[in-house]
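Asker: Predicted model and sequence follow; I will ask about them next.
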Amino acid sequence: MTEKRSRETRGPVDFPEFGPELTRLRESRGLNRKELAQRVAIDASHVTRLERGERGASRDLVERLARALDLSIREEHDLLRTAGFLTEQAAELLTEPELGRLATLLARNDLAPTHRTLLVRHLRLALDHAAALGYPVSEPLEDI
């Protein structure tokens, strides 16, 4: 992911589920807004505006909030989804431990291009195997 994309902020109007979900997660951990803000190194009023839907969040901020709240992988992906950074399908797929690990590996900046090519080749083989077993395998953008 590029630095620019991680700083891109999604608007609260487009993603109204984010604020209530952040509030629910914070309260379930027994934190007040000030405590969460301190953990994330932002002002408490910023947390208030996020939770009320008055302000959007960057992906970087959502990931920092997830770490500060000590979220599970599923909870983090759900929070990213409600903030507009993951589709529902991507959030569900990334919850699968092996796919999540693979996605993390493929996103690494230090992954050698030849290694990336080999990993993608193995993914294509897995898809071909699924098709040979009779499962429908669509093209990546076919369902969008």
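Answerer: On my side now, so go ahead.

Asker: looking at it, Leu93 is touching Leu99, isn't it?
Answerer: Yes - in this structure, Leu93 is within contact of Leu99 by C-beta atoms under 8 Å, at 5.4 Å. From N, CA and C alone the C-beta is placed, and that goes for glycine too.

Asker: pLDDT at Phe85, what is it?
Answerer: Phe85 carries a pLDDT value of 89.

Asker: Which residue comes closest to it once chain neighbours are left out?
Answerer: Arg59 (4.8 Å; C-beta to C-beta, 6 or more residues apart in numbering).

Asker: Can you show me the helices along the protein?
Answerer: Secondary structure of the chain by DSSP state H: the helices cover 3-7, 18-28, 33-40, 44-52, 59-68, 73-82, 88-95, 97-106, 113-132.

Asker: Dump those helices to CSV, plus distance to Ser138, mean pLDDT and mean neighbour count.
Answerer: Converted to CSV, the helices of the chain look like this (distance: least, C-beta to C-beta, whole Å; pLDDT from 0 to 100; neighbours: other C-beta atoms under 10 Å):
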stretch, distance to Ser138, mean pLDDT, mean neighbour count
helix 3-7, 26, 47, 10
helix 18-28, 30, 96, 18
helix 33-40, 39, 98, 17
helix 44-52, 36, 96, 18
helix 59-68, 27, 95, 19
helix 73-82, 21, 91, 20
helix 88-95, 12, 80, 15
helix 97-106, 17, 84, 12
helix 113-132, 10, 92, 11
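
Asker: As a markdown table, the ones you listed with distance to Glu139 would be great.
Answerer: Output for the helices of the chain, formatted as a markdown table (distance: least, C-beta to C-beta, whole Å):
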| stretch | distance to Glu139 |
| --- | --- |
| helix 3-7 | 24 |
| helix 18-28 | 31 |
| helix 33-40 | 40 |
| helix 44-52 | 37 |
| helix 59-68 | 27 |
| helix 73-82 | 23 |
| helix 88-95 | 15 |
| helix 97-106 | 18 |
| helix 113-132 | 10 |
